[in-house]
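1. The following block contains a protein sequence and its predicted model.
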Amino acid sequence: SGNGGDDGSSGDDGSSDDDGSSGDDGSGNGDDERFEIGVTMGQMDSGLDPQDHAETNTEIITGQAYEGLMDRDKVGGIVESLATDWERTDDGNVRFTLREDVSFHNGDALTAEDVAYSIRRIVDDEVGIVSPQSNDLGVIDEVIAGDGEVTVDFEGFNPIAFQLFATNGEVMQQSWVEENDGNYINQNTNGTGPFVVTEYDSGNEVVYEPNDDYWGGDVPVDELTMGASSESSTRVNRLLAEETDIITNVPPQEVSRVEESDVAGISSVPSARIIFLQMRYDVEPFSSQQFRQAMNYAVDVESIIENVLNGFGTITGQPTLEEHVGYNPDIDPYPYDPDEAERLVEESGFAGAEITLETPIGRYLGDVEIAQAAASQIDSLSNVSCELEQREFSSLVQDITTGNIEDKPHFNLLGWGNAEFDGSQTITPLMTSNGALTVLENEELDELIRQAENTEDADERVEFLQEANQLAHDLAPWVFLHQQFSVYGVSNDISWEPRSDEFIDPDTATRQ
Amino acid sequence: MVSARVIRNLKKEFRNSALAKIGLVLVISIILVATFAPFVATHDPTAQQLDQSQLPPVGFSETAERTSSQMVDGEIQTVTETVEIEPDPDHVFGTDSLGRDMFSRIVYGARTSLAVGVLGTLLAAAVGVPVGLLAGYHRGTVDDALMRVADVSLAFPSLVLAVALIGLWGRAAVDIPDPFVVAGLAPEMPESFVLPITVVIVVGLVNWVWFARVARGEALSLRGQEYVKASRALGASDNAIILRHVLPNAITPIIVLGTVQVAAIILLESSLSFLGFSGTTLSWGFDIAQGRDYVSSGQWWISSIPGFAIMLSVIGINLLGDWLRDALDPGIEGEGGAA
Amino acid sequence: MSFGRFVLKRSLQGLGVVWGVVTVVFALRFVTPGSPINAVAPLDASPETRQAIATELGLDQPLYIQYGQYLFKLLQGDMGFSYIRGQEVVGLVFGRLPATVELALAASIVAIALSIPLGVLSATRRNEPIDYGATLLSLGGISTPNFWLGIMLILVFAVEFNVFNTSGRGVDVGDVALSLVGSEPFFGTLLAWLAYITLPAIALGTYFMALITRLTRSGMLDELSKGYVQAARAKGLPQTLIRYKHALRNTLIPVITVLGLQLGTLIGGAVITEAVFSWPGLGTLVIESINRRDWPVLQGSLIVIGTSFVLVNVLVDTVYAYLDPQVVND
Amino acid sequence: MSERLQAASGAGRGPDADDVLSVSNLSTRFFTEEGQINAVESVSFDIRDNEILGIVGESGSGKSVTSLSLIDLVESPGRITEGEVWYRSPDLADEFRSNDAVSVDGDHVDLRTVPPRVRRSLRGPSFSTIFQDPMSSFNPSITVGEQIAEAVEVQRRATANPRSTRSRTQGYGLGQYLLDGIIPGRGYTSEESMDRAIELLEQVGIPDPADRVDEYPGQFSGGMLQRAMIAQALAGEPDVLIADEPTTALDVTIQAQILNLLREVQEERGMSIILITHDLGVIAEMCDRVCVMYAGEIVERGTLNAVFDDPVHPYTEGLLGSIPDLEDPKPRLQPIAGNVPGLLDSEMDDRCYFADRCPNAMESCLEKPDEIVVDAATEHGAKCVLAERPYDPDEALPADYFGGDSE
Amino acid sequence: MSDTNSHTDATVDSHTNADPGTEATAAGEPLVSVEGLRKYYANEQSIVDRVLGNEPESVKAVDGVSFEVAEGETLGLVGESGCGKSTTGETVLRLREATEGRITFDGENLLEMSDGELTQFRKRAQIVFQDPFSSLDPRMTAGDIITEGLKIHGVADQAERRETARDLLERVGLSADQIDRYPHEFSGGQRQRIGIARALALDPEFVVLDEPVSALDVSVQAQILNLLDDLQDEFGLTYLFIAHNLSVVRHICDRVAVMYLGKIVETGPVDEIFADPAHPYTKALLASVPRVSTEAREEDFATLHGDVPSPRNPPTGCRFHTRCPEARAACRESAPPDYAVNDRRRAKCFRNDADHAYWDSEPIEENARTAGD
Ligand SMILES: Nc1ncnc2c1ncn2[C@@H]1O[C@H](COP(=O)(O)OP(=O)(O)OP(=O)(O)O)[C@@H](O)[C@H]1O
Ligand SMILES: Nc1ncnc2c1ncn2[C@@H]1O[C@H](COP(=O)(O)OP(=O)(O)OP(=O)(O)O)[C@@H](O)[C@H]1O
Ligand SMILES: [Mg+2]
Ligand SMILES: [Mg+2]
């Protein structure tokens, strides 16, 4: 890139041409400036190993350099990536045909062995690391590397195998992984993706340059910088001061400031994240279905969306989002009806209950404020009093994810991102008896899900899921709140459309 | 313990120093406001009125751009409208993002700040003063050990240590029933006051060493005083001497340090709650953190007003401390206090 | 005692304190509620990982052996491994240290450069307008929470007037120094650096400026009332020399001691300032580590912070002893 | 000779030619919050060539303030409210003769009327001072040699520069100081002044002066510091040396050394010394003439023999009677009853201030006595009615007249 | 309590006895007897010092002091600042722990007393300090200060104690109305009186007076000296009077001990010592005092040369040899023993031994000249 001043300006040996704006760009298509993109998120990654993490931010940062077999488009549709073709074999396994001529950043060609190794590294604790993503690809018996293809043998039938692979399963190079230790792998990349990491300042900033040999063709960006700022106002300020180009989670009250500014605008998209209040079915007063329903009537979700989120959200009434497989269009959200709520509380026999809502701080858009609003609305029922406890997300999540339901909070706010776009990926972990995060044990619901998982007929599966959603609505293990919108601030210098799965793909940005 | 001379000096300093007057007025107001918060506050500080959110303080009307969005055919459409927001005289300091009354939050925030400041200081003093006095009076190994502990303790910045300890121990808070509300005098106010007890404990633990150092230094110099020797010659035991002679004569710098510490701890508490390491939401630091996201969008009052509240109360306490120091330690300005 | 001996003694004492710091930090792991493994392993670690970590760290060993191992590794420059970030703690902590040092230095230099003349002026022009001004200013300075000041500075200077950067650390002093010899334009780099560092340095430095002003003022008043000042006047020494050579010098000695002790406050202040300005220093690392329960990193950071404190104080004492030999025999 | 006494005691009279310094009616007050303190009240005396004048009195009688007033070092809240300080300096007299604002009398100039900066420029080269506590009079963080060299430098620069420029900034401003700080090898003091400092230390009997110049005051013993202080005072080659209790902080053996040194120095250089002390023994050993101060006033004066052998004022008598005599141990001392009064203006009646402690107080003591000449030949004067007439028991004030609180 | 006011010289006999405790004379048995008392102040040694092998520096404040005080007499202890007078005084009362030596009080070994015995001893021996400012607790009233001892020992009830305090105030020349005043409301001399009243409250037999008048003005000093004299008569007190002012010592003491650098160099009756000092140091000390009389004028002080050496590192041999105008080479080599000058006086100087090798050794030249030259 940086071979400045070798044309035209002959005969000056002093290298001091400080006027760097003369056409010296090597890329040669008439552009006179480098195209640099800065992205500012809420938090940085926790290491660059794409298989050794489980949060969105790391996924975004590593996802610039690593790719999986399949990918998604802006609205969640499945598209090809390292695999050009995929099919179900007769025995229910899936087979991927690999793209040819893909090479890693170090120049080595991608092999089927690499892919197989990567999958094993994720799902098999014996291979490489113990990956926190081991459940994300389903239960896999065996991975077979063929000639230009890879076959994955699931235990039983996996109806959402392709959804899983479209979201998860970054591919790494076996030899590179084996030659380097964790410390190195977490600070360097060697993927196949559009960007190559050039500078890694842990927790602060990652700088990329385009991968010149990218199979997807020329990457239009000359330099990509990913940084983070946990304060939304800081992100907005950075955007408006033109220090960065894309920022995540613009808070509602800042939207107009961004919109009104000359330098940036708002780009938002309904995300795959649903926000709700979990109620544990096994403790009083939440053991009563009436009481749980009462809570749903007590919270004025519409008002919260309008006032706290400035409308950046849609009300929900079931665990599955509208865009996702299994959504039941017949379910209406609970209306706001405090009288009905009081009546149901009375009926439940838990009048006078005192409950505490636990909420994470700053994890979801407006989480504390939403929780405060919800708690105070519940509190204003004449026969329930509700307090709020704010907790650091990591410690709250530690409680939520403990294996034992007895150790979980009674009543807490949580958000769930379903990157697979499939209803089962929400209901299974969050509402079925064996779900890692469940607050409910209901045989009927378990059975519906089990049936959905076992049917090989996609339509039938949707029906089971819709039924499950109806049941979930009625059982009301949650106070159904809303679907979150991803609100991005985007500099006017670029044109970029956000994705609904919260992944950021600056390689699709263009200069404006 | 408070001799006539001390009182005279206090009065004299007070008469001559406008700053001392300001300080006293500020501190007394804060104490009154904090104590009688349920009567001073106009609203329940935690009660939300979402449709009344972000009202500016009285005297400031706001022209704000409000953008809202709607889903139209799966597309998000944003609408920006310019709204004129008039302050509501019912909310003198305006309301925050959830429509809670800022004035009442400031009033209750004073309670938290003061409670943490005073309790934390008392705790720190309760630990530090005896240790310091004993070490300074007896010297030797006890003293050596104390000084080493103090060295180590000083090596950790108090904010960092506090953050780490609270991070470790969690953010426990205790609910203390508000006697006024319980007695039915202010029924619409919160029934209990949330005291972030971990913060109090941590802040006390983090700051005890300052008291220990000062108490030790005083004890060290007082133990050589002839009246201490005289007392020993009369047959007084060491503990009696510490109680009767050393402590009373060391009390002045300890009190002065105490006021400084209250101020420092109020600042520390606000830093902690700003960073989210507190157990209560009724805190100025917390409000600043909450309002921070609104500063640049025009709702400056949500975080400015609590900031001023901190500043004023800390200024008040510092002025009080200066006054006490000047009055109780007349050596500083070179004018002898002796008659 | 000779100067060399004094330095040796003071260094050994410092080493003792560092040892204390390490011990306290080690103990932190055991006062954490829950198993010490929680302090090391990531939240979602599988039982196998936990076991592996436990064995690796020797958590199944008696405490004193663990402690010994910890010390031993530390001596070899090994502060452990962050399972949450998948990195060596040493790299992480020392990667962040320069940013904090840069910020703290910038803040103290500005604070000292402004406050000492102000304090002297205020003391020598006692009860004149400049004294009242300085007194009020310093009173405000020590009473303003620095995070709030930071927010207000960003609002005014970065958002409204857009003269400084809102946050981050785009350019560091190293870049500025390099630009002197390299191809980057020096002034451009310098300006860019200033655009980043000015606001955080002011936010962090204000408290110190105020504090030193107060200390200098009262110290000067104190010194100016002493016998040697009267004696210096009586021997006809020029005012300037009396103030600066005699009184200020003696004022600075306690001021520097206090500053050494207040270094902790400076670092504490840096933590929160970094949080406000997204400054990628140790402070943000500490907060991140606590929020993510990344104890190995937290421990490493605390050790580095504690050690720097001790180091600076040993240095201060050494400089003193050099300037004023009486200290050596004290 | 009797005019002398008159001149010194009377107001507004000009000084004599051999007076190096002549003070008349000097009053210094402190305006404190408790009220006005009359620390020095209408004090007049003169100091001649080549003599040692002693000022003696109990603690708080105003000795130090008197000496500070001479060199214009009284600080706020104190102020010289009245009086003249005539200093003999033909140079100054010439310079200001034509200036209406400045009183000039022959070779003498009234320092109270010259501009402050001129007064300031006299410190060091004209008047030097030795303070009571050598430990606190040296800056603990600067070497002894450097501090003496500074005094040498003041003198050097004073002789090198014309008075007009020197007095403006004393030849040294902040800019200069900063410049000297930045440029290495520069400073206020020079090599030569340091050499001179070594010489001076040698003269006052400090062993190994070349090594000791680089030591800090803390490394000197009290006696050596007092010597160093004398060396510093001599650096300016002053006309008048004011020694304010130069030996009070020292042990007798060291005190004897210092007193010897002062005496030698005085003889060698022919300067005039004002020796302030509360030790009558020191006065007796050292002084030619003596002034006894009580409550801000000079209550008795005269040649040493006159005052010590024939004291008139009961206060002087009392002082002498309070001292246990080494040669002749008396079974019982004859002390003065009561305590030294505070000098608060509001508490001082217009009477002889000593009346409340005086064993011979009479009704006429309720009026303020003027100074009365006892014996003109010995310049002996006293502010006491007993100088004129003997004590009359009939006129005695009743014992509890002053409230009886005085034991 | 004895009412003998025997300012007698007869007491000194016992001094020459090897064991003064057992063989007391009838005229005045030694109430206090001190033998070979040493008090070293060791520098605090931290671990680091020990690691570095830094030598513990000790100040030999009192280095082998023996004397005794007979009942009813006043023994003066004089010497220059820092020579160890206060240390001696305080160690004798066990306010500081002796490093070595033997102190007997009324026949009992003070250093071996149990806590209970010590408490009893405290009632019988008291101390008055030099500094009238620091010796009174500024936060207590005169009454509280005076009755503190009574309270500690549980003597009498509150009202009686107050009565005692009023009584004592009157005795020391203050007014009983001043009982509720704070120290700062008194002048220096008045404070010193309160300090004396405090010491007398427990009705002691022995009082250490540590420079009780040196901070006072001459006129007040004389008042206090008179008071002390009166009180001794009235209460039959025994005094150890510490001073550096020789004229005061001469005035009030019966016998005097002259200290130099932690050692007593000469003891004897006051008149004899002042008339004819047997130790060169005593002589020099006397010569240094400026006389008030006008006759002595003009003759130069016969002053000593140099400063008092540091007690951290005292000179070998006779400690005075570095300043002694009479010093000879022999003084450097060995420390002179306690020579009996006559049956009442002793002095640590070879000049009292006519046969000593001293007389044949070389004088130390530089000491001969007086200082100030
Ligand atoms: N700065 C001051 N402010 C108020 N009063 C003062 C000040 N300096 C001195 N005085 C008063 O002036 C009077 C005379 O004091 P001065 O120091 O001259 O006494 P002195 O004779 O030198 O006593 P000493 O022997 O104690 O040195 C005292 O009553 C003292 O209280
Ligand atoms: N607590 C202590 N620690 C160390 N050294 C001490 C201590 N107290 C006294 N000294 C030293 O012991 C020596 C004798 O001190 P002491 O107070 O007994 O002398 P002094 O004769 O009473 O002197 P002064 O006349 O000044 O009161 C001095 O050198 C002193 O510095
Ligand atoms: Mg004086
Ligand atoms: Mg003493």
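-> Good, I have the coordinates. Ligands and ions are numbered 1, 2, ... in the order given.
2. name the helices or strands packed onto the helix or strand hosting residue A:462?
-> Using DSSP states H and E, residue A:462 maps to helix A:458-475. Secondary-structure packing of helix A:458-475 (3 or more C-beta pairs under 8 Å, 6 or more residues apart in numbering or on different chains; DSSP states H and E): helix A:289-298, helix A:424-431, helix A:443-454. Any C-beta I mention is one placed from the backbone N, CA and C, and that applies to glycine too.
3. Out of those helices, the one nearest ligand 1 is which?
-> helix A:289-298 (74.6 Å; C-beta to the nearest ligand atom).
4. and that closest one, anywhere near chain B?
-> No - against chain B, helix A:289-298 shows no contacts by C-beta under 8 Å from any C-beta of the partner chain, the least distance being 13.8 Å.
5. now that helix against helix A:458-475, angle please.
-> Here the directions of helix A:289-298 and helix A:458-475 differ by 90 degrees (axes from the mean of the first three to the mean of the last three C-alpha atoms, to 10 degrees).
6. Mean confidence (pLDDT) on helix A:289-298, please.
-> For helix A:289-298, the mean per-residue pLDDT is 93.
7. Check which residues of the following helix or strand past that helix are buried.
-> Heading C-terminal from helix A:289-298, the first helix or strand you meet, by DSSP H and E, is helix A:301-307. Across helix A:301-307, burial judged by 16 or more other C-beta atoms under 10 Å in any protein chain shown covers A:301, A:304, A:305, A:306, A:307.
8. Mind jotting down where the helices sit in the stretch 51-200 of chain B?
-> Secondary structure of the stretch 51-200 of chain B by DSSP state H, counting those that start in this stretch: the helices cover B:102-138, B:140-155, B:158-169, B:179-182, B:197-222.
9. For residue A:55, which of those is the nearest?
-> Evaluated over these, closeness to residue A:55 peaks at helix B:158-169, with 19.3 Å, by C-beta to C-beta.
10. returning to what we had before: could you export the buried residues of helix A:301-307 as JSON lines, including pLDDT and distance to chain B?
-> Converted to JSON lines, the buried residues of helix A:301-307 look like this (pLDDT from 0 to 100; distance: C-beta to the nearest C-beta, whole Å):
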{"residue": "A:301", "pLDDT": "93", "distance to chain B": "12"}
{"residue": "A:304", "pLDDT": "90", "distance to chain B": "7"}
{"residue": "A:305", "pLDDT": "89", "distance to chain B": "9"}
{"residue": "A:306", "pLDDT": "85", "distance to chain B": "7"}
{"residue": "A:307", "pLDDT": "83", "distance to chain B": "4"}
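11. Turn those into TSV, columns for distance to ligand 2.
-> Listed next are the buried residues of helix A:301-307 as TSV, based on distance: C-beta to the nearest ligand atom, whole Å:
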residue	distance to ligand 2
A:301	77
A:304	73
A:305	76
A:306	77
A:307	73
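12. For the stretch 51-200 of chain C, which residues are neighbours of chain D?
-> Within the stretch 51-200 of chain C, not a single residue sits near chain D (C-beta under 8 Å from any C-beta).
13. Mind jotting down where the helices sit in the stretch 51-200 of chain C?
-> For the stretch 51-200 of chain C, helices defined by DSSP H, counting those that start in this stretch occupy the ranges C:63-75, C:89-124, C:129-143, C:146-153, C:173-181, C:186-224.
14. per-stretch mean pLDDT over those, give me the minimum one.
-> Of all the helices of the stretch 51-200 of chain C, helix C:173-181 has the smallest average pLDDT, which comes to a mean of 78.
15. Flag every buried residue along it.
-> C:173, C:176, C:179.
16. does it come close to chain A?
-> No - using C-beta under 8 Å from any C-beta, helix C:173-181 never reaches chain A; the gap is at least 11.2 Å.
17. I would like the residues contacting that helix, please.
-> Applying C-beta atoms under 8 Å, 6 or more residues apart in numbering or on different chains, the contact partners of helix C:173-181 are C:98, C:102, C:184, C:185, C:186, C:188, C:189, C:190, C:192, C:193.
18. mind listing what the fifth one touches?
-> Spelled out, that is residue C:186. Contacts for residue C:186 (C-beta under 8 Å, 6+ apart) come out as C:176, C:179, C:180.
19. The third one too?
-> With contacts defined as C-beta under 8 Å, 6+ apart, the neighbours of residue C:184 are C:175, C:178.
20. From residue C:174, how far off is it?
-> 12 Å (C-beta to C-beta, to the nearest Å).
21. what about stretch D:294-307 and chain E, touching?
-> Yes - for stretch D:294-307, a contact with chain E is found by C-beta under 8 Å from any C-beta, at D:304, D:305.
22. what's the closest non-adjacent residue to the residue in the stretch 1-150 of chain C positioned nearest to ligand 1?
-> Going by C-beta to the nearest ligand atom, ligand 1 is nearest to residue C:126 of the stretch 1-150 of chain C, at 14.8 Å. Leaving aside its sequence neighbours, residue C:126 sits nearest to residue C:221 (C-beta to C-beta, 6 or more residues apart in numbering or on different chains; 7.0 Å).
23. Residue A:504 too?
-> In space, residue A:504 is closest to residue A:60, 5.1 Å off (C-beta to C-beta, 6+ apart).
24. Convert the helix or strand containing the one you found to PDB, retaining C-alpha atoms only.
-> Using DSSP H and E, residue A:60 maps to helix A:56-63. Output of helix A:56-63 as PDB, limited to C-alpha atoms (Å, rounded to 0.1, in the frame of the first residue of the first chain):
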ATOM      1  CA  THR A  56     -21.600 -11.000  20.300                       C
ATOM      2  CA  ASN A  57     -18.800  -8.500  20.500                       C
ATOM      3  CA  THR A  58     -16.100 -11.100  20.100                       C
ATOM      4  CA  GLU A  59     -18.000 -12.700  17.300                       C
ATOM      5  CA  ILE A  60     -18.100  -9.400  15.500                       C
ATOM      6  CA  ILE A  61     -14.400  -8.700  16.000                       C
ATOM      7  CA  THR A  62     -13.300 -12.200  15.000                       C
ATOM      8  CA  GLY A  63     -15.900 -12.500  12.400                       C
END
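25. neighbouring contacts of it?
-> If you take C-beta under 8 Å, 6+ apart as the criterion, helix A:56-63 is touched by A:41-50, A:53, A:170, A:189, A:191, A:193, A:206, A:226, A:228, A:417, A:502-504.
26. Surely residue C:303 and residue C:22 touch.
-> Yes - counting by C-beta atoms under 8 Å, residue C:22 is a contact partner of residue C:303 at 5.8 Å.
27. Give me the common contacts of the two.
-> The contact sets of residue C:303 and residue C:22 overlap at residue C:74 (C-beta under 8 Å, 6+ apart).
28. now chain B, which segments are flagged as low pLDDT?
-> Within chain B, the segments meeting pLDDT under 70 span B:1-5, B:67, B:69-76, B:329-339.
29. Where do the strands of it begin and end?
-> B:62-72, B:75-85, B:174-177, B:192-195 (DSSP state E).
30. Quick check: which of the ones you listed is buried the most?
-> Among the strands of chain B, strand B:192-195 has the highest mean neighbour count (mean count of other C-beta atoms under 10 Å in any protein chain shown), at a mean of 20.
31. Nice, that's everything, thank you.
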